[in-house]
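> Using only what follows, build the 3D model:
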Amino acid sequence: MAIRGSLREASLPDVLQLLAMGKKTGCLSVTHRDQFGYIYFDRGRISYASIVNRRERLGDILLASSLITPEDLDAAKAVQASDPDRRVGDILVAGGCITREELHGQVRLQIQEAVYFLFTWSHGTFSFDADARPDERDMLVSINPESLLLEGARRVDEWALITKRVPSFDLVFELDAERVRQSETALSPSQEAVAALINGERDVTAIVDESGLGEFEVGKALYALASAGFLRRIGRRAGGAPLIPDARIEEHRNLGVAFYKTGMLDEAAREFRRVADLRPGDSGALFYAGLVLMRQGQWEHAADSFVEAASLPGARPAVFHNLAYVYERLGRYDDAEAALQQALTRGAGSDPRVRTSCGVLALRRGDLAAAEAAFDSARPLWGRRAPSAAWYHYAALTAALAGDTERAVALLTEGIGHHPRAGALYNNLAAVHERRGRHAEAGTAIDRGMQEDPGLPQLHKNAGDQAYRAGQYDDALDAYQRAARLNSELGDDLFLKMGNIHYRRGERAEAMKQWQRAHELDPDNEIVLSNIQAARVAAVGSGRA
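Coordinates of the predicted model:
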């Protein structure tokens with residue numbers, strides 16, 4: 001389900017209601033000027049939400065709720081500094097500062113606040129990427145979107161008033177402290193916290209960051225102070241002056257990573273180009289630019305980007321691992337092997353993904369024994385986690401090619417249990433069942449696969465093959481046409497069979513068209529050439545030439 005549009009034409013609450021009613025799973029990405037946020041859905045319920053380049057406020061929320069002390073938070077941040085992959089919340093739980101239930105409650109509040117802030121974006125665009133999932137490290141919740149709409153609407157109305165006094169977050173205010181003192185007005189805790197940070201130099205964004213309060217709370221406080229005559233606007237943050245270069249670079253990098261994760265590849269490429277412009281030779285920008293080019297199928301350019309990243313001092317194993325994958329796709333197997341060896345020597349020996357790639361490369365070269373050994377060595381490296389869908393895919397393929405179809409079925413069945421949405425595993429299972437003559441089981445696997453991943457063209461091709469063998473040519477043609485729409489270069493056999501079906505129907509012009517396409521994909525296919533020649537002879541004999 002592809003949903004794209006403008007926030008001018010459809011409000012975010014309307015889009016959320018649509019996704020909730022449709023019980024959709026995926027990621028809703030929202031852009032607003034230079035801001036970017038996303039909301040993940042799981043069967044119509046919100047499971048996660050975040051805003052890129054917005055300061056992480058979980059620690060501040062926990063402090064404000066009096067669940068932890070400043071010392072607890074400082075200690076947790078110190079631990080995180082030495083182990084960046086750990087989340088502050090998990091560190092606090094492990095240290096006994098809070099319970100897992102308390103952390104979950106605050107994460108839920110943080111996600112709600114992110115959604116409420118997104119509600120205030122009235123300009124920009126949105127895009128829904130079906131079946132996208134949050135990072136496996138994110139703590140997920142389950143929130144009915146409709147439960148947020150009433151509070152969201154209230155905040156939108158209040159935000160409309162706030163923007164009359166605070167129209168931009170780059171505004172700088174000055175506080176008339178003497179007037180505040182003379183008025184004897186009792187300020188709220190939020191107003192006191194904000195007032196203490198107004199010094200004629202900080203803009204609104206800086207106040208939001210340093211106060212630990214959300215944009216909405218800071219906006220309300222500033223609105224109240226301005227309405228009481230306690231504030232004077234003295235200007236805007238100078239374009240780029242208060243922002244140090246590293247901060248600008250990280251903003252563009254974070255946006256690029258977020259765009260990449262949500263499939264907005266052109267936008268991701270733009271942000272990584274900006275990083276490269278600000279810091280030529282930035283290894284992270286080159287690495288992610290290579291990932292974007294890979295997903296766009298620009299293999300030669302991806303190789304160039306990874307090669308440049310690999311030439312920099314301290315290049316990470318991931319750079320060489322991805323470079324090996326690109327070389328593999330280009331058929332440069334020797335270069336791929338050299339890149340994998342570089343990844344291994346740089347510390348990736350215990351990474352099961354790299355070991356799996358070694359197996360894939362051996363399989364490409366037809367060395368089944370080496371491939372099996374590599375997959376066997378990769379499996380224990382996953383630890384308690386299940387191997388990736390790719391591992392099951394290639395390990396089973398190796399077993400099937402070696403003639404051990406029983407092991408292939410066992411691996412694919414196990415893999416589907418761990419990765420029930422991996423359409424390729426169902427497709428492989430169907431192929432193995434076909435090879436064993438178990439056509440009914442193959443059909444079941446194809447049906448399940450198309451339910452989980454209707455966008456996988458090979459599943460539709462295999463469904464067409466089943467119908468073709470059974471003489472159900474109308475069903476076969478429907479399946480083949482779906483496969484061709486999804487991938488017009490799936491293979492010459494697809495177009496050969498579509499041509500055959502059209503020829504059986506007497507649709508000779510359409511048959512010739514399909515056979516010509518098959519010939520383009522494989523000029524040496526003798527059956528295609530024979531069909532084309534026979535059709536031309538028949539056309540001459542009937543006077544249609």
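
> so what pLDDT did Arg332 get?
Looking at Arg332, its pLDDT reads 95.

> Repeat that for Leu58.
If you check Leu58, the pLDDT there is 75.

> swap in Glu250?
At Glu250, pLDDT is 78.

> What residues of the strand or helix carrying Val156 count as buried?
Under the criterion of DSSP states H and E, Val156 resides in helix 146-165. Residues 148-149, 152, 155-156, 159, 162, 165 are the ones in helix 146-165 that count as buried (16 or more other C-beta atoms under 10 Å). Quick note: C-beta positions are derived from backbone N, CA and C, even for glycine.

> Pop out the phi and psi values for the spatially most central residue of the chain.
The C-alpha lying nearest the average C-alpha coordinate of the chain belongs to Lys261 (C-alpha atoms, centre = their mean; 3.0 Å). Dihedral pair for Lys261: phi -70, psi -30, per degrees, to the nearest 10.

> do you know how far it is from His502?
43 Å (C-beta to C-beta, to the nearest Å).

> Repeat that for Asp138.
50 Å.

> neighbour count winner among the two?
Per other C-beta atoms under 10 Å, whichever of Asp138 and His502 has more neighbours is His502, with 20 against 15.

> Flag every buried residue along the helix or strand where that one lies.
Using DSSP H and E, His502 falls within helix 492-504. Neighbour-count burial for helix 492-504, counted by 16+ other C-beta under 10 Å, picks out 492-503.

> pLDDT on the next helix or strand after that helix, on average?
Later in the chain than helix 492-504, the nearest helix or strand by DSSP H and E is helix 508-521. When pLDDT is averaged along helix 508-521, the result is 93.

> Can you tell me which helices and strands helix 508-521 packs against?
Secondary-structure packing of helix 508-521 (3 or more C-beta pairs under 8 Å, 6 or more residues apart in numbering; DSSP states H and E): helix 492-504, helix 526-541.

> how far is that helix from where the chain is centred?
38 Å (C-alpha atoms, centre = their mean, to the nearest Å).

> I'd like to know which elements the helix holding His502 is packed against.
helix 457-469, helix 473-486, helix 508-521, helix 526-541.

> could you redo the last one with a cut-off of 7 Å?
In this structure, helix 492-504 makes packing contacts with helix 473-486, helix 508-521, helix 526-541, judged by 3 or more C-beta pairs under 7 Å, 6 or more residues apart in numbering; DSSP states H and E.

> What are the buried residues along the second one?
Looking back up the chat, that one is helix 508-521. So for helix 508-521, counting by 16+ other C-beta under 10 Å, buried means 508, 511-512, 514-515, 517-519, 521.

> now stretch 42-55
Buried positions in stretch 42-55, judged by neighbour count with 16+ other C-beta under 10 Å: 42, 44-54.

> what does stretch 337-356 give?
Within stretch 337-356, the residues that count as buried by 16+ other C-beta under 10 Å are 337, 339-340, 342-344, 346, 348, 351-356.

> Over to stretch 11-18?
Here stretch 11-18 shows 11-13, 15-16, 18 as buried, counting by 16+ other C-beta under 10 Å.

> now it: how far from the chain's centre is it?
That offset, for stretch 11-18, works out to 21 Å (C-alpha atoms, centre = their mean).

> got a list of contacts for that stretch?
28, 30, 118-119, 121, 126, 145-146, 149, 152 (C-beta atoms under 7 Å, 6 or more residues apart in numbering).

> could you redo the last one with a cut-off of 8 Å?
For stretch 11-18, the surrounding residues in contact (C-beta atoms under 8 Å, 6 or more residues apart in numbering) are 3, 5, 28, 30, 39, 46, 118-119, 121-122, 126, 128, 145-146, 148-149, 152-153.

> pull the CA atoms of it into PDB?
Output of stretch 11-18 as PDB, limited to C-alpha atoms (Å, rounded to 0.1, in the frame of the first residue of the first chain):
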ATOM      1  CA  SER A  11      -3.700  16.300   7.800                       C
ATOM      2  CA  LEU A  12      -1.600  13.900   9.800                       C
ATOM      3  CA  PRO A  13      -4.500  12.900  12.100                       C
ATOM      4  CA  ASP A  14      -6.500  11.900   8.900                       C
ATOM      5  CA  VAL A  15      -3.600   9.800   7.700                       C
ATOM      6  CA  LEU A  16      -3.200   8.100  11.100                       C
ATOM      7  CA  GLN A  17      -6.900   7.300  11.100                       C
ATOM      8  CA  LEU A  18      -6.600   5.800   7.600                       C
END
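
> Would you give the sheet partners of the stretch of helix or strand Arg233 belongs to, along with the direction of each?
Here Arg233, judged by DSSP H and E, is contained in strand 231-236. When sheet partners are counted by DSSP bridges, strand 231-236 sits next to strand 171-175 (antiparallel).

> Give me the below-cutoff pLDDT ranges for the chain.
By pLDDT under 70, the low-scoring segments of the chain are 1-2, 53-57, 84-85, 136-137, 237-248, 541-545.

> quick one, domains of the protein?
3-159, 166-236, 479-545 (automatic domain parsing).

> Tell me which residues touch Ile46, please.
For Ile46, counting by C-beta under 8 Å, 6+ apart, the contacting residues are 16, 39-40, 111, 115, 141-145, 148.

> Next: Leu171.
203-204, 233, 235-237.

> among those residues, who's most crowded?
Neighbour counts for the contacts of Leu171 peak at Val204, which has 23 neighbours (criterion: other C-beta under 10 Å).

> pretty sure that residue is touching Asp170, no?
Yes - using C-beta atoms under 8 Å, Val204 is in contact with Asp170, at 7.1 Å.

> Could I get the full set of strands for the stretch 301-450 of the chain?
With DSSP state E, counting those that start in this stretch, there are no strands along the stretch 301-450 of the chain.

> got it, and the stretch 1-150 of the chain?
Counting by DSSP E, counting those that start in this stretch, the strands of the stretch 1-150 of the chain are 3-6, 26-32, 35-42, 45-51, 125-130.

> Of all the helices and strands packed on helix 492-504, which one is nearest Leu361?
Proximity to Leu361, assessed across the helices and strands packed on helix 492-504 by C-beta to C-beta, is greatest for helix 508-521 (25.4 Å).

> which residues sit against the closest one?
With C-beta under 8 Å, 6+ apart, helix 508-521 has contacts from 489, 491-496, 498-503, 525, 528-529, 531-532, 535, 538-539, 544.

> Give me the neighbour count for Asp453.
18.

> ok, now how distant is it from Ala511?
30 Å.
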